[in-house]
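Enquirer: After the sequence you'll find the predicted model.
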Amino acid sequence: MDLYGALGAAILVALAFVVPHLADDRWRDSLYAAAAPIFGSWEPHWGWGTGPAIAIGVLVTVYGPGLAGRMSWRWLLPAVWLTALAWSFALAMVDGWQRGFAGRLTTGHEYLHEVGGVSSIGAMLRGFADRILDFQPDSWTTHVSGHPPGALLTFVLLDRAGLGGGTWAALVCTAVGCSAAVAVVVAIRALGAPERARAVAPFLALAPAAIWLAVSADALFTGVSAWAVALLALAVEPGRRRPAVAFGAGILFGYSVYLNYGLILMAIPAAAVLMLRGVRGAWPAAVGALTVVALFTLSGFWWLDGYHLVVERYYQGIATTRPASYWVWGNLAATVCAVGLASAAGATRLSGNLGLPRSPRFSGSAAAALRDWRGRVDPAALMAAAGLLALLVADISLLSKAETERIWLPFDIWVLACTALLPVRTARRWLAVQVVGTLLIAHLILTNW
């Protein structure tokens, strides 16, 4: 079944790349993605990051599974983060320092374009919603208008801390984004599956998503939301209630939804954690999240107003032209490019590891049924399914037509947990598949992010 899953995903990706070239020019141009389903252009190239990327891929493929299985947690977690950082940076350097890294966040559509114009944070927050709609003299640039003010606020604060400019922004986004790999390992371990956490570690370190983790602001969003889930999992560990950790999880959850409207869907992975561990000890998380909501609201920004205006702004632009008939499934092909064929192979094992009853009938109480399910469900499968459900909901919303290899990174990082379900003996083969696929995309397509 693993091979069938990977083959099906490969066919989906192949169709998504081929179909635009079979259509007429007018329809193809309406996609606004020259390398659809990837937002970029076909441009075979190589750079000084090519050699290091190949070397990292080979080394982790050969030695990663063994080391992940026997290293102490004290060393495994930083090793995953540093490897993910090295892999991401090497892939970015395939495009070169300026084009692939330092200049990524300095274009006219990005957040840094607006940082210099923010003289007062309070005024920015109070007037943020008024500048969301397009075709106004003071309309926010594309990315700023498409997100809550927390995203712009983050880069403003970096600038005021002396970390201004494209290089610092890229470093912060990449470092935080790559830490999401560690967060997933921590969460799965805290949910009672340490062996699954070790199994998934090399796949997270070599995630194809690294192409977009370096560099995009969505990498930052991915890291913040992933640690929100990880801290929640740590906070509700049986016998180890940690109210401060739970409060921290809530702060990160709250801040996540002010970084990206779509991260409201991170409630799904959070709910998965609470379904498995229960809600006892989680109440400080609610306090933390509400604290963030209160601060932004009192500062003058009401989230629902922003959301409704963003939907309106979305349809002021190319979203009205991009055909849903392609992107509703092309989005999923782009996601496969970000999570790799190994994730698709592991996804075939989800149903058998979610602890679903063979019979729909259960004669006991609901509490007894829940206890029974908790004893059968695989935490890695549950978190992967939660990530998959979140991105499917996002797809159905039609508010993400194209560019989902970047936009859905916060969900993709959890879908990668599917790889933990693959047999240990096949880990190196699937890692090799991941590496080859990633290198092909990085060298054949000049991505816009």
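Expert: All right, it came through fine.

Enquirer: Hmm, Ala79 is touching Leu67, no?
Expert: Yes: the pair Ala79 and Leu67 qualifies as a contact (Cβ atoms under 8 Å) at a distance of 7.4 Å. (C-beta placed from N, C-alpha, C; glycine too.)

Enquirer: After the lowest-mean-pLDDT helix or strand in the chain, which helix or strand is next?
Expert: One helix or strand of the chain scores below all others by mean pLDDT, DSSP states H and E: helix 366-376, with a mean of 87. Sequence order places helix 379-397 as the next helix or strand after helix 366-376, per DSSP states H and E.

Enquirer: Can you dump the C-alpha atoms of that following helix in PDB for me?
Expert: Presented in PDB, the C-alpha positions along helix 379-397 are these (Å, rounded to 0.1, in the frame of the first residue of the first chain):
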ATOM      1  CA  PRO A 379      -0.300   9.700  18.400                       C
ATOM      2  CA  ALA A 380       1.700  10.200  15.200                       C
ATOM      3  CA  ALA A 381      -1.200   9.100  13.000                       C
ATOM      4  CA  LEU A 382      -3.600  11.300  15.000                       C
ATOM      5  CA  MET A 383      -1.400  14.500  14.500                       C
ATOM      6  CA  ALA A 384      -0.800  13.700  10.900                       C
ATOM      7  CA  ALA A 385      -4.600  13.300  10.300                       C
ATOM      8  CA  ALA A 386      -5.200  16.600  12.100                       C
ATOM      9  CA  GLY A 387      -2.800  18.400   9.800                       C
ATOM     10  CA  LEU A 388      -4.300  16.800   6.800                       C
ATOM     11  CA  LEU A 389      -7.900  17.700   7.900                       C
ATOM     12  CA  ALA A 390      -6.800  21.300   8.500                       C
ATOM     13  CA  LEU A 391      -5.400  21.700   5.000                       C
ATOM     14  CA  LEU A 392      -8.400  20.000   3.400                       C
ATOM     15  CA  VAL A 393     -10.700  22.500   5.100                       C
ATOM     16  CA  ALA A 394      -8.400  25.300   3.900                       C
ATOM     17  CA  ASP A 395      -8.700  23.900   0.400                       C
ATOM     18  CA  ILE A 396     -12.400  23.700   0.400                       C
ATOM     19  CA  SER A 397     -12.600  27.300   1.500                       C
END
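
Enquirer: Show me which positions of that helix end up buried.
Expert: Buried positions in helix 379-397, judged by neighbour count with 16 or more other Cβ atoms under 10 Å: 379-392, 394-395.

Enquirer: again, but for stretch 43-55
Expert: Applying a neighbour-count criterion of 16+ other Cβ under 10 Å, the buried positions in stretch 43-55 are Gly47, Gly49, Thr50, Pro52, Ala53.

Enquirer: Also stretch 72-80?
Expert: For stretch 72-80, the neighbour count (16+ other Cβ under 10 Å) marks Leu76, Leu77, Ala79, Val80 as buried.
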